[in-house]
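K.L.:
below are the sequence and a predicted model for it; my questions follow.
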2 protein chains.
Amino acid sequence: MHELKVLFQPSGRRVFVLPGTRLLEAAERAGIILQTPCGGKGTCGKCRVQIAGADVLACQYVVEHDLVVDVPDESLFIGGQQILVTDAGRAVGVVDPPVRVVPFALPAPIQGDDISDFSRLRKAIDPALHCRLEVLQRLPFHLRAWGWRGRAVVTESRLLGVLAAEGEAPVFGVAVDLGTTTVVGTLINLVTGAERAVASRMNGQIQAGDDVISRIQCVREDQHAIGRLQASIVQTLQEIVDDLVAQAGVGREAVYEIALAGNATMQQLLLGVDCSALGEVPFVQAFSDAVTCPALTIGLEVNPGAALYVFPQIGGFVGGDTVAGIVATQLDQQSGPVLFVDIGTNGEIVLAHQGKLYTTSTAAGPAFEGARIKQGMRAVPGAIEKVLIGDDVTLNVIGDAAPAGLCGTALIDAVAELLRAGVLDETGRFREPDELPETVAPALRQRLQPDGDDWCFVLAEADQAARREAVCLWQRDVRELQLASGAIRAGVAILLARAGLAPEDLDAVLLAGAFGNYIRRHQARRIGLLPAMPEERIHFVGNAASLGAKMVLLSQAERRKADALLQHTEHVDLSLDPEFQFEFGMAMMFPGPEADGDFSGGLEG
Amino acid sequence: MHELKVLFQPSGRRVFVLPGTRLLEAAERAGIILQTPCGGKGTCGKCRVQIAGADVLACQYVVEHDLVVDVPDESLFIGGQQILVTDAGRAVGVVDPPVRVVPFALPAPIQGDDISDFSRLRKAIDPALHCRLEVLQRLPFHLRAWGWRGRAVVTESRLLGVLAAEGEAPVFGVAVDLGTTTVVGTLINLVTGAERAVASRMNGQIQAGDDVISRIQCVREDQHAIGRLQASIVQTLQEIVDDLVAQAGVGREAVYEIALAGNATMQQLLLGVDCSALGEVPFVQAFSDAVTCPALTIGLEVNPGAALYVFPQIGGFVGGDTVAGIVATQLDQQSGPVLFVDIGTNGEIVLAHQGKLYTTSTAAGPAFEGARIKQGMRAVPGAIEKVLIGDDVTLNVIGDAAPAGLCGTALIDAVAELLRAGVLDETGRFREPDELPETVAPALRQRLQPDGDDWCFVLAEADQAARREAVCLWQRDVRELQLASGAIRAGVAILLARAGLAPEDLDAVLLAGAFGNYIRRHQARRIGLLPAMPEERIHFVGNAASLGAKMVLLSQAERRKADALLQHTEHVDLSLDPEFQFEFGMAMMFPGPEADGDFSGGLEG
């Protein structure tokens, strides 16, 4: 199917969606969460946007063509205002630009006025001006070469560098989402707030294992591995920076700051901090507060005066990416109770209620990322990414290739659809052929095949599959999904109980992370991954970690908020909660058919 | 002549002096300035010290044997108290030890108490505890390896490192006197204040020229020279550090801080800061305030969390060594007017009066260091270091070798003695043989030899000299000395005039610097290098820069004072003073015979 481009203004964010996608969802995938107090039923009129000058309701509008959509501030739910702007144009909502470019023209020193160069600059710009040694080193040369005129790049009272009086004044920061698998960097103009370029790379540590546990294990076996793993990820970051500045046509020295969010293991390895303790109970982090250090401390070559900001960490496996997500979604400022779920290798969960944040993490992820699934794979060409089951099976394969396996969304789809069809029972067991409801179509019955004492369900026959090997959903795959999904649901249940809330009390559930962005809500609800609550309150917030990193680059206030968050955040250790085992056991069971709800899944992309 | 060892307690300082040296002067050479309100006449009794339990007056006692001298606090003039103590024993006057070693025993993390390692340490030690990344990196490893017990090395609220609970706890700092020619480092125990080792090296930059001007010229010709010159001096420093820690039997990681004082050119080159502007009028420094940066920023390998402190600079060629000298002599706290003179390649002069400091520098030094003197040389074996003239010439040669040339003290001696004998007139001209006073002995007359239109004076005949080449004082040498001496005397005169003072108003003149330590006061006064004032008010304060560096290592208060000094310091540009040319011209003339005073020079070493 041909994907359609939807461009949102004034943020300049673009997404590609399948025809038939509701505009409300397209906006969410772009990280733009609209007001929907009526639950997307088209009755409250709060999600009003403009297309070609005409008002439409995003919850009712279905995307059938490429679109340009104007989003008025008053329709926004998350963010209140958009902090990022397009390079092309209007600066919107950059309320606290941290970096100023201040032109200066100094009197040349003469006898009788021979104060030091730095004192001379300070006198002209800010009596509290200070800088790092690297900025000072070439200052005398530049001031004289430029005839005592130029531009000072200043944040608060810190001199980041000097530029010639004329010409471009590129002052960029890089926001980094440091994932275990993928690293994404965004080049941000620190003066205008504009996004200038995006680049991503595989995390160079991947050779030491796919997940954080294998990287931690490396370090536990050999302390010297810290240095090697640090070097790998620094090289990845350097490649991203070099890609970004090449795209923008500037040099490395145009990067004046880097803000980075990652999970605790990634952040500690990037900083060269021992992470062995994350590999044993009770999973202790090395530090909690944000770390700020010269970028060159870790060997990153950008502007010599550039600082690296690494997000605070909350505890256990709740790291900087979650803090960044909280900043991005302004979770601490939400009036009603809001749940934030970031599904990656771990599932991090945050519940915001009455000014307090409850957080926890669960070992949720591997199943959703294809690990531990017999024919699981990442969302790359050849992966089944969508499964629809009616009289027979309809598949959507990434890259229109022959199916080679299934990725996380397809796993959820397949289980949800088979539950709905009655091929799986509520305990997650494949029904024997003679137990199948009469409504199960013959084509489906034929796909149920014996596998030792168990059964499996053939999604793609061998003659249609890559490598002539049938792609199946196996009984063990269903169990893995139950474990992963059950862990998240139990975690959510514990946090809600801790705050004295029921799922229906939640104003909103925010789904973050690359994977979260692709989950189909009705399927997620069918398998019990998400609480039983009106589906319209479930929002996709995209790469919240990346957005949070951009925000602290552009706003000192947001940075102070990130640093202060820890004080009203409680890290909940699920394994200590007496209810967890019970909740987990309960959550292993799939919900009953009522979880299907009344929402037509067919409209989702 | 055999030199005698004099050990002063409780400071543990040692000096070697010639027999016949007054104990007062030996003390001064050790940097211990005693009270002498009576001018060293033995009438006031304030310079009382103990030798073998018996009270003696230092001004009257003549050193004839090796000695151990106990100095009571109440006899001290400079310092009021001694901040440094011997390694062996008593801590005296370390009033503000900056580094604490705090034992800790932490509860091991368990489920339910899983705060981060750093938060756990902070909870036990100091709620404001913070550290640099390098200290954090191995913290998790150490805490676990040591079973959660250990010792924290803390200064103010900064964690410098952690040590095991048992064993030595070596916490050292290095005080560095970064000279253009020689670099001296002293290893200081930061907890007890004890000096543990001393090491010195030739400045590795020497290949780029003997004096600061040639090094500045290198940089003016090629900006890349900054990096090369920086690498040279960092290598010198590293050798000194390695020597020091080897002497103390510890590793590089035992060095937690480095405090360094040097002239402006040396400090800027060490930091990799462009110093080109110090090579042209109006001689502008790059920075004024103290620079603190991680030691590894300049590539120095010590404790990875160690900081490098580089002294503030005042202006022109008045650099960090002068600020360190002010700190060492507590010049700003002297009640009466005090003059500080540091004679090196440049002569730096500071006048303290009524809470204000007047500073200037003059291009004084090369003559005193043997440069521009026809047969000048450094104070190394073979150099004539002392000249006495009676009926004939008596020489003292360093290392009892055949004389090869003369060093600065011999130059001053020779000129002073020849003035006294009447061989030189007060304009500095050699008298023709027929103009010589009748009192000039025949042996001296024979030594006066024609040299073109001028005359020269033979100090050592060819057959007694190294390389069979006579060592002479040439007319041009006398002119060079007049220039150097005149510059200092004119500088002193200008500062005194600026403060409305006459030389006789001065309570004291403090002579600093390695060379200053060896000048014979009566000779210096005879040639007019020092103001016409009672000789007893002239004190040697030794290597004041080095002492100042030690003091800021041991005292945060002294460091704050160093940083604050600039606010009440006026840098006087001599070339702008309308009086300077007149004063300089006047100072070129030697003083009349009354400058001989009444002090018997024979007692001086």
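P.N.:
Here it is on my side, so go on.

K.L.:
grab the nearest non-local neighbour of residue A:375.
P.N.:
residue A:405 (4.3 Å; CB to CB, 6 or more residues apart in numbering or on different chains). To be clear about C-beta, it is placed using only N, CA and C from the backbone, and glycine gets the same treatment.

K.L.:
adjacent strands (with direction) for the helix or strand harbouring residue A:196?
P.N.:
Element membership of residue A:196, judged by DSSP states H and E, is strand A:194-202. Strand A:194-202 has the following sheet partners, assigned by DSSP bridges: strand A:85-86 (parallel), strand A:182-189 (antiparallel).

K.L.:
coming back round to it: got a list of what the residue nearest to residue A:375 touches?
P.N.:
A:370, A:373, A:375, A:376, A:377, A:382, A:383, A:384, A:471 (CB atoms under 8 Å, 6 or more residues apart in numbering or on different chains).

K.L.:
how much space separates the residue nearest the centre of chain A from chain B?
P.N.:
The centroid of chain A falls nearest to residue A:543 when counting by CA atoms, centre = their mean (2.8 Å). Relative to chain B, residue A:543 is positioned 26 Å away (CB to the nearest CB, to the nearest Å).

K.L.:
one more: residue A:334?
P.N.:
26 Å.

K.L.:
what's the nearest residue to that residue if we skip its chain neighbours?
P.N.:
Here the residue nearest residue A:334, using CB to CB, 6+ apart, is residue A:352, at 5.3 Å.

K.L.:
where does that neighbour land in three-state SS?
P.N.:
When classified by DSSP: H, G, I helix; E, B strand; the rest coil, residue A:352 comes out as strand.

K.L.:
in the stretch 451-600 of chain A, what spans have low per-residue confidence?
P.N.:
A:514-517, A:594-600 (pLDDT under 70).

K.L.:
show me where it has its helices.
P.N.:
A:475-498, A:521-526, A:544-554, A:556-565, A:580-588 (DSSP state H, counting those that start in this stretch).

K.L.:
the longest one vs helix A:580-588, what angle?
P.N.:
I take that to be helix A:475-498. 130 degrees (axes from the mean of the first three to the mean of the last three CA atoms, to 10 degrees).

K.L.:
which strands and helices lie in contact with helix A:475-498?
P.N.:
Secondary-structure packing of helix A:475-498 (3 or more CB pairs under 8 Å, 6 or more residues apart in numbering or on different chains; DSSP states H and E): strand A:338-343, strand A:347-353, strand A:356-362, helix A:408-421, strand A:454-460, helix A:580-588.

K.L.:
give me the buried positions along the third one.
P.N.:
Put plainly, it is strand A:356-362. A:357, A:358, A:359, A:360, A:361, A:362 (16 or more other CB atoms under 10 Å in any protein chain shown).

K.L.:
what residues are up against the fifth one?
P.N.:
When you say that, I think you mean residue A:361. Residue A:361 neighbours (CB under 8 Å, 6+ apart): A:316, A:317, A:318, A:322, A:346, A:347, A:348, A:349, A:491.

K.L.:
ok, so of those, who is nearest chain B?
P.N.:
Using CB to the nearest CB, residue A:316 comes nearest to chain B of the contacts of residue A:361, at 6.4 Å.

K.L.:
circling back to that earlier point, among the helices of the stretch 451-600 of chain A, which is the most enclosed?
P.N.:
Highest mean neighbour count among the helices of the stretch 451-600 of chain A (mean count of other CB atoms under 10 Å in any protein chain shown): helix A:544-554, with a mean of 29.

K.L.:
out of everything not next to it in sequence, what's closest to residue A:161?
P.N.:
Closest to residue A:161 by CB to CB, 6+ apart is residue A:153, at 4.7 Å.

K.L.:
settle this for me: that neighbour is touching residue A:172, isn't it.
P.N.:
No: in this structure, residue A:153 is not within contact of residue A:172 by CB atoms under 8 Å, at 10.7 Å.

K.L.:
thought residue A:441 was touching residue A:423?
P.N.:
No: between residue A:441 and residue A:423 there is no contact under CB under 8 Å: 10.3 Å.

K.L.:
pull out the buried positions in stretch A:434-452.
P.N.:
For stretch A:434-452, using 16+ other CB under 10 Å, the buried residues are A:436, A:440, A:444, A:447, A:448.

K.L.:
tell me the one of those residues nearest chain B?
P.N.:
residue A:448 (43.5 Å).

K.L.:
who's that closest one bridged to?
P.N.:
Counting by DSSP bridges, the residues bridging with residue A:448 are residue A:457.

K.L.:
hmm, back to that, out of the contacts of residue A:405, what pair is the most spread apart?
P.N.:
Using CB to CB, the two most remote members of the contacts of residue A:405 are A:373 and A:382, lying 14.6 Å apart.

K.L.:
which one's more surrounded, these two?
P.N.:
Taking other CB atoms under 10 Å in any protein chain shown, residue A:373 and residue A:382 do not tie; residue A:373 has more neighbours (25 against 20).

K.L.:
distance to residue A:110 for the helices of the stretch 451-600 of chain A - can I get that in TSV?
P.N.:
Shown next, in TSV, are those (distance: least, CB to CB, whole Å):
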stretch	distance to residue A:110
helix A:475-498	68
helix A:521-526	72
helix A:544-554	41
helix A:556-565	38
helix A:580-588	75
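
K.L.:
out of the ones you listed, flag the one nearest residue A:457.
P.N.:
helix A:475-498 (9.2 Å).

K.L.:
now do the closest one against helix A:408-421, angle only.
P.N.:
Using the same axes, to 10 degrees, helix A:475-498 lies at 90 degrees relative to helix A:408-421.

K.L.:
alpha carbons of the strand holding residue A:196, as CSV, please.
P.N.:
Taking C-alpha atoms only, strand A:194-202 is exported to CSV below (Å, rounded to 0.1, in the frame of the first residue of the first chain):
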residue,chain,number,x,y,z
ALA,A,194,14.9,24.9,14.6
GLU,A,195,15.6,21.3,13.8
ARG,A,196,18.2,21.2,11.1
ALA,A,197,19.1,17.6,10.5
VAL,A,198,18.5,14.1,11.8
ALA,A,199,20.9,11.1,11.6
SER,A,200,20.8,7.6,13.1
ARG,A,201,23.2,4.7,13.4
MET,A,202,23.2,1.2,14.9
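
K.L.:
what residues of it count as buried?
P.N.:
A:194, A:195, A:196, A:197, A:199, A:201.

K.L.:
the helix or strand hosting residue A:237: which residues count as buried?
P.N.:
Using DSSP H and E, residue A:237 maps to helix A:225-248. By neighbour count, with 16+ other CB under 10 Å as the criterion, the buried positions of helix A:225-248 are A:225-226, A:229-230, A:232-234, A:236-238, A:240-241, A:243-245, A:248.

K.L.:
number of nearby residues for the residue nearest to residue A:250 when sequence neighbours are not counted?
P.N.:
Spatial nearest neighbour of residue A:250, chain neighbours left out: residue A:170 (4.4 Å); criterion: CB to CB, 6+ apart. Neighbour count for residue A:170, taken as other CB under 10 Å: 21.
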